[in-house]
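1. predicted model, plus sequence, below.
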Amino acid sequence: MKNLNLPRSIKISYLSILLIGVFLSACNKSSLYPNEPQSSTNEIALSEDSIFKSLVIDLRDYNEVVSNAHADTIMNQHNFEINFNNAVQNNDLNARKLIANTMGFANENEFWKIKDDMTSKIVALSKKYNLNKISPNNLNKVITNQISTSTIIGLNNKRFTSLSYDNAECMDIFSNCKNQASSNYALEQVNCVGFGVFGWTLIGGALFIACEAASNYHLYVSDRSCNINLKYCK
């Protein structure tokens, strides 16, 4: 990924830029499909695409590592996004390691590689199927259906096997929680890639990095919530 030499004023206003980008994206999407159309041939083709299936496997494996991350405290979003920006924008080695470790990866290079691989696959799928023109609900269905038909998420999770493996109801709740976390992450990643319409400019780059940081933090927090819910599941 390229490094962007963004002025301090641009970096400080990341949240504002991201909110503007999300607003523009939401306005555009609401005009594209106000009545939530039924699944199209395009969506069926997407669900059968080998790159898409490979992406879902990556998402599953990525989420599994994040879910098994051990930490006494949860990093707040502000610190996470600052370190994520330093890692991507400035190639700060300490920040790269901190983010990778926070997400559960002992090897920071492995973390950044799998993340870049997923981004590349989403870019390829976006170009092929114009994902931003598929309604969020329909795209969510395609993703969750593929996730649910792949290897059951949760069976390899350390907390799951140690706490509630023999509880069928807890298994379903935990698996559904993890599946939805993965699906939400994928949808947010599609939006991040969609900011490429602005090109690799100051605005386009700032939108992409800010979106990436927020998206990864959302997955991080969602997985913590799934694990907490599992812990108290009876």
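-> Sure thing, it's come through. Residues are numbered from 1 along each chain as shown.

2. show the average pLDDT along the helix ranked longest in the chain.
-> Ranked by residue count under DSSP state H, the longest helix found in the chain is helix 202-231. Averaged over helix 202-231, pLDDT sits at 86.

3. likewise stretch 132-141?
-> The average pLDDT within stretch 132-141 is 86.

4. follow-up on the earlier one: okay, buried residues for the longest helix of the chain please.
-> 204-217, 219-224, 226-227, 230 (16 or more other CB atoms under 10 Å). Bear in mind the C-beta positions are built from the backbone N, C-alpha and C, glycine included.

5. for Val56, give its distance to Phe105.
-> In this view, Val56 and Phe105 are 19 Å apart by CB to CB, to the nearest Å.

6. what sits closest to Pro136 if chain neighbours are left out?
-> Closest residue to Pro136 apart from its sequence neighbours, by CB to CB, 6 or more residues apart in numbering: Leu187 at 6.1 Å.

7. and that neighbour, what is it in contact with?
-> Going by CB atoms under 8 Å, 6 or more residues apart in numbering, Leu187 touches 136, 139-140, 143.

8. what about it, which helix or strand?
-> Leu187 is located in helix 168-194, with elements delineated by DSSP states H and E.

9. list the buried residues of that helix.
-> For helix 168-194, burial by neighbour count (16+ other CB under 10 Å) applies to 170-171, 173-175, 177-194.

10. tell me the centre residue of this protein?
-> Tyr185 (2.8 Å; CA atoms, centre = their mean).

11. ok, now how distant is it from Leu93?
-> Going from Tyr185 to Leu93 by CB to CB gives 25 Å.

12. for this protein, just list every one of the helices.
-> 8-12, 14-32, 41-47, 50-67, 77-89, 93-102, 108-129, 136-149, 158-163, 168-194, 202-231.

13. packing partners for the fourth one?
-> Judged by 3 or more CB pairs under 8 Å, 6 or more residues apart in numbering; DSSP states H and E, the packing partners of helix 50-67 are helix 108-129, helix 136-149, helix 168-194, helix 202-231.

14. fine, thanks again, bye for now.
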